[in-house]
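Asker: attaching a predicted model along with its sequence, questions to come.
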Amino acid sequence: MKKLCLLGLLVSLASQTALADTSAAAAHLKEKKAFVDHLLGQMTQDEKIGQLRLISIGPEMPREKIREEIAAGRIGGTFNSRTAPENRPMQDAAMRSRLKIPMFFAYDTIHGNRTIFPIGLGMASSWDMKAIATVGRTSAVEAAADSLDMTFAPMVDIARDPRWGRTSEGFGEDTYLTSKIGKVMVESFQGKSPAEHDSIMAIVKHFALYGAVEGGRDYNTVDMSLPKMYNDYLPPYRAAIDAGAGGVMVALNSINGVPATSNTWLMNDLLRKEWGFNGVTISDHGAIQELIRHGVARDGREAAKLAIKAGIDMSMNDTLYGEELPGLLKSGEVSQAELDQAVREVLGAKYDMGLFKDPYVRIGKPENDVPDYYADARLHRDAARDVARRGLVLLENRQQTLPLKKSGTIALVGPLADAPIDMMGSWAADGKPVHSVTVREGLRRAVGDKAKLVYAKGSNITGNQAMFDYLNFLNFDAPEIVNDPRPAAVLIDEAVKAARQSDVVVAVVGESRGMSHESSSRTTLEIPEVQRDLIKALKATGKPLVLVLMNGRPLSIGWEREQADAVLETWFSGTEGGNAIADVLFGDYNPSGKLPITFPRSVGQIPMYYNHMRIGRPFTPGKPGNYTSQYFEEANGPLYPFGYGLSYTEFSVSPLTLSSKTLKQGASLEASVTVKNTGKRDGETVVQLYVQDVAASMSRPVKELKNFQKIMLKAGEERVLTFRIGEDDLKFYNSQLKFAAEPGEFNVQVGLDSESVQQQSFELL
Ligand code: NOJ
């Protein structure tokens, strides 16, 4: 009885807090609306248009001219300038403008700002929400300390075609995992509120479906059925928005023929009306102008008109809003109400970032400017190392090749073994290569004088001149990759010599970071040939061979894994990557990462993702046969499945038990397994729960991730893990886009990757 009363009290306290939260939110909205309406009432048409212009600040930009434009009220915000001494004069200019409307300063702080954390795929491989929150919070603290107010992140585009270079930036192929991470990123960027001095506003991108570009070719068109959109691709954006993301960046692609930037259904019907979003919407770079090339606008005037009518508030790298809106308003083609709505949302975002209260909330006072913005002491190295090692995935470990001993002689080879720029991955914000701990440096520090380390580059990234030129064209500041001019055979000979005098060989191979970047789509998923030649030569030495992979997409490494004794997937692991990799190679940290994306055997299998639809003639592993859905000249199925990753210890999962064989609507049941660490080392693993709808009103995926728990178990320890399954976990959008769970049988699977699972079933009544 007492217990019940206490519970009752807790429930009522919780609902009071919820009420307090809602009423505080309502009060905030009311105040904001009154403030914005009042300000809007004082603005001229030109000042309003000025607020919609977001300008990129580059080194070539005439600063004086920008400040004049700001003071005249013709710019609403900027991006790419990133320190207080750069941004303060611009805010000063805004304070000289007639209405003193503050500017905001944005930047692509994607996986760190100065301290660079692993790329999106690396973060996602950790399946560790605490680690991911560390990335978001540290990024926000660093960015805000450097005067930034807003980030163009998180990117939650589902990627199921690894040819797409931007696969690296996202969190993989899965809707549930990406949604969880998107939410955590938004919450950790924005902290208590985006108005805090150490928070930045999150702009979720790229709305929508950018990861589904046809053929994996960047900027290509997207064609998709509505159920697929609603079930698989849209939920991560929604999760980020529900978590409070202040804004949305609009995708560059078209959706079923209509560019996102002129897509009234997407921006108004879905985003604003259906989802209730009332933050700011920002076009991607030059996207409004691109409406002409998409073939939906005759000229710039029509492009600007389409965009503002579709609900694009801010024009990134604008020319057209500034040039065309005055004429469009004069002729009545764009209404005053349409303009005001866009301006309201921009002012609202500035209000939410706390800029009206204090335009210098993040810029601070000149006397507090730091003498060296790039000082090493400003980095968060411990956090970066911790997150980086959680995102490393052990793919192979034959005869316990790993962990290595800190003794004897170790040959370290490969074009990525000592590559500071590549450690950071693409979109490395204001990270500096000089701060990167490379694999060479990490190993050197780890072994000290206990073991001898012999280094040889062994090969260049690529032997293809056109590819080399392309990769270097991508970086404006410095050469992205530097070729060793010696012939390939000479480089290999040197590496083989190093291998012969060593007890073990560690080869760091894969992609340079520019190979997995915006506009870097590939037609193959292979490691470039010169590097494969190196691997072949190393294998021929007969020495144990450890492959350390650096790459921003799944690679088809069927041949490579046969050559190697161990394979460690490290993605691009950030500023502290070299130390993190050394921690795992030497066993100072027991790897616990799991793949957030399927590794296909070859590019021809794409798209390949674990939660594909059920079909009438499925391929059955082990039972090849005619007239089943297969590729006949290659083994089917993935090279490594979604959710896969090894540890230095072993785990067993008991048969699955369900608390009930039936589930009433609105109720829930429990699925339990006992997970045991059967090996000799303490270790973490990710226990994953999948659900399959056995027979529904439409074909449903073979399975879908619905929950997971990352747990640490001591050697020999076992633990009962319980997952609650409710009706919500079974809901989907049917062919009429009705979101509901359909009564009938469901399979539940629990396991340590998406393929090796225990199964039970129950019936939804
Ligand atoms: C273009 C990219 O598509 C987008 O992701 C990025 O945020 C903007 N440029 C700004 O740098």
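Answerer: Structure received.

Asker: from residue 140, how far out is the one residue in the stretch 451-600 of the chain that gets nearest to the ligand?
Answerer: Nearest residue of the stretch 451-600 of the chain to the ligand (C-beta to the nearest ligand atom) works out as residue 518 at 5.7 Å. All C-beta spots, glycine's among them, are computed from the backbone N, C-alpha and C. Between residue 518 and residue 140 the distance is 23 Å, computed by C-beta to C-beta, to the nearest Å.

Asker: could you do residue 711 as well?
Answerer: Here the criterion is C-beta to C-beta. By it, residue 711 lies 28 Å from residue 140.

Asker: more neighbours: which of the two?
Answerer: Looking at residue 711 and residue 140 with other C-beta atoms under 10 Å, you find the greater number of neighbours at residue 140, namely 26 against 17.

Asker: distance of the more buried one relative to residue 189?
Answerer: As it turns out, when the distance is counted by C-beta to C-beta, residue 140 lies 5 Å from residue 189.

Asker: intersection of neighbour lists for the two?
Answerer: 151, 199-200 (C-beta atoms under 8 Å, 6 or more residues apart in numbering).

Asker: which of the residues you listed are buried?
Answerer: By neighbour count, with 16 or more other C-beta atoms under 10 Å, those hold 151, 199-200 as buried.

Asker: backbone dihedrals for residue 713, please?
Answerer: With angles defined as degrees, to the nearest 10, residue 713 sits at phi -130, psi 130.

Asker: so who does it touch?
Answerer: Applying C-beta under 8 Å, 6+ apart, we find residue 713 in contact with 651, 675-677, 682-685, 719.

Asker: what bridges to it?
Answerer: Here residue 713 shows beta-bridge partners residue 683, assigned using DSSP bridges.

Asker: and what of the one 10 residues further on?
Answerer: Assessed by DSSP bridges, residue 723 has beta-bridge partners residue 671.

Asker: how much space between it and the ligand?
Answerer: From residue 723 over to the ligand the distance is 35 Å, taken as C-beta to the nearest ligand atom, to the nearest Å.

Asker: cool, residue 438 as well?
Answerer: Separation of residue 438 from the ligand (C-beta to the nearest ligand atom): 26 Å.

Asker: number of nearby residues for that residue?
Answerer: Counted with other C-beta under 10 Å, residue 438 comes out at 23.

Asker: ok, now how distant is it from residue 383?
Answerer: Taken as C-beta to C-beta, the spacing of residue 438 relative to residue 383 amounts to 19 Å.

Asker: equivalent analysis for residue 656, please.
Answerer: The gap separating residue 656 from residue 383 is 36 Å, by C-beta to C-beta.

Asker: angles on the backbone of residue 685, please.
Answerer: With angles defined as degrees, to the nearest 10, residue 685 sits at phi -140, psi 170.

Asker: residues contacting the residue lying closest to it once chain neighbours are set aside?
Answerer: In space, residue 685 comes closest to residue 651 once its chain neighbours are excluded; the distance is 5.0 Å by C-beta to C-beta, 6 or more residues apart in numbering. Contacts of residue 651 were listed using C-beta under 8 Å, 6+ apart, and they are 675-679, 683, 685, 713, 752.

Asker: buried members of the residues you listed into PyMOL, please.
Answerer: The buried residues among the contacts of residue 651 can be selected in PyMOL (16+ other C-beta under 10 Å) with this line:
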select buried, resi 675+676+677+679+683+685+713+752
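
Asker: nearest to residue 507, of the contacts of residue 651?
Answerer: Top of the list for closeness to residue 507, among the contacts of residue 651 and by C-beta to C-beta, is residue 683 at 25.5 Å.

Asker: residue contacts, the residue lying closest to residue 146 once chain neighbours are set aside?
Answerer: Beyond its immediate neighbours in the sequence, the residue positioned closest to residue 146 (C-beta to C-beta, 6+ apart) is residue 83, lying 5.3 Å away. Residue 83 sits next to 146-147, 373 when contact means C-beta under 8 Å, 6+ apart.

Asker: ok, residue 83 to residue 419 distance?
Answerer: According to C-beta to C-beta, residue 83 stands 27 Å off from residue 419.

Asker: the ligand contacts on this protein?
Answerer: For the chain, the residues in contact with the ligand (C-beta under 6 Å from any ligand atom) are 108, 152, 205, 284-285, 518.

Asker: correct me, but residue 233 touches residue 210?
Answerer: No: proximity of residue 233 to residue 210 does not meet the contact threshold set by C-beta atoms under 8 Å, at 9.5 Å.

Asker: and those two? Which one has more around it.
Answerer: The neighbour comparison of residue 233 against residue 210 (other C-beta under 10 Å) goes to residue 210, with 30 against 23.

Asker: ok, now how distant is the residue in the stretch 301-450 of the chain positioned nearest to the ligand from residue 267?
Answerer: For the stretch 301-450 of the chain and the ligand, the shortest gap (C-beta to the nearest ligand atom) falls at residue 316, measuring 6.6 Å. Relative to residue 267, residue 316 is positioned 15 Å away (criterion: C-beta to C-beta).

Asker: residue 603 now?
Answerer: Going from residue 603 to residue 267 by C-beta to C-beta gives 34 Å.

Asker: give me the more crowded residue out of these two.
Answerer: The neighbour count for residue 603 versus residue 267, taken as other C-beta under 10 Å, is higher for residue 267 (24 against 18).

Asker: next up, the contacts around the nearest residue in space to that one that is not next to it in sequence.
Answerer: Ranked by C-beta to C-beta, 6+ apart and with sequence neighbours excluded, the top spatial neighbour of residue 267 is residue 311, at 3.8 Å. Each residue near residue 311 by C-beta under 8 Å, 6+ apart is listed here: 264, 267-268, 271-272, 281, 341-342.

Asker: buried subset of these, written for PyMOL?
Answerer: Typed into PyMOL, the line below selects the buried ones among those, using 16+ other C-beta under 10 Å:
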select buried, resi 267+271+272+281+342
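
Asker: burial count for residue 449?
Answerer: A total of 6 residues lie near residue 449 under the criterion other C-beta under 10 Å.

Asker: cool, residue 197 as well?
Answerer: Here the count is done by other C-beta under 10 Å, and residue 197 has 14 residues near it.

Asker: and if you look at residue 193?
Answerer: Neighbourhood size, residue 193 [other C-beta under 10 Å]: 14.

Asker: quick check: the residue of the stretch 451-600 of the chain closest to the ligand touching residue 165?
Answerer: Yes: taking C-beta under 8 Å as the contact criterion, residue 518 and residue 165 are neighbours in contact, 6.4 Å apart.

Asker: more neighbours: these two, which one.
Answerer: Taking other C-beta under 10 Å, residue 518 and residue 165 do not tie; residue 165 has more neighbours (24 against 18).

Asker: please enumerate the strands of the stretch 1-150 of the chain.
Answerer: Remark: strands assigned in the stretch 1-150 of the chain by DSSP state E, counting those that start in this stretch are 53-56, 77-79, 104-107, 150-151.

Asker: among those, which is nearest residue 741?
Answerer: The closest of the strands of the stretch 1-150 of the chain to residue 741 is strand 150-151. By C-beta to C-beta, the value is 36.2 Å.

Asker: and the closest one, how far out from the chain middle?
Answerer: Between the centre of strand 150-151 and the centre of its chain there are 15 Å (C-alpha atoms, centre = their mean, to the nearest Å).

Asker: I'd like the average pLDDT over it.
Answerer: Average pLDDT, strand 150-151: 99.
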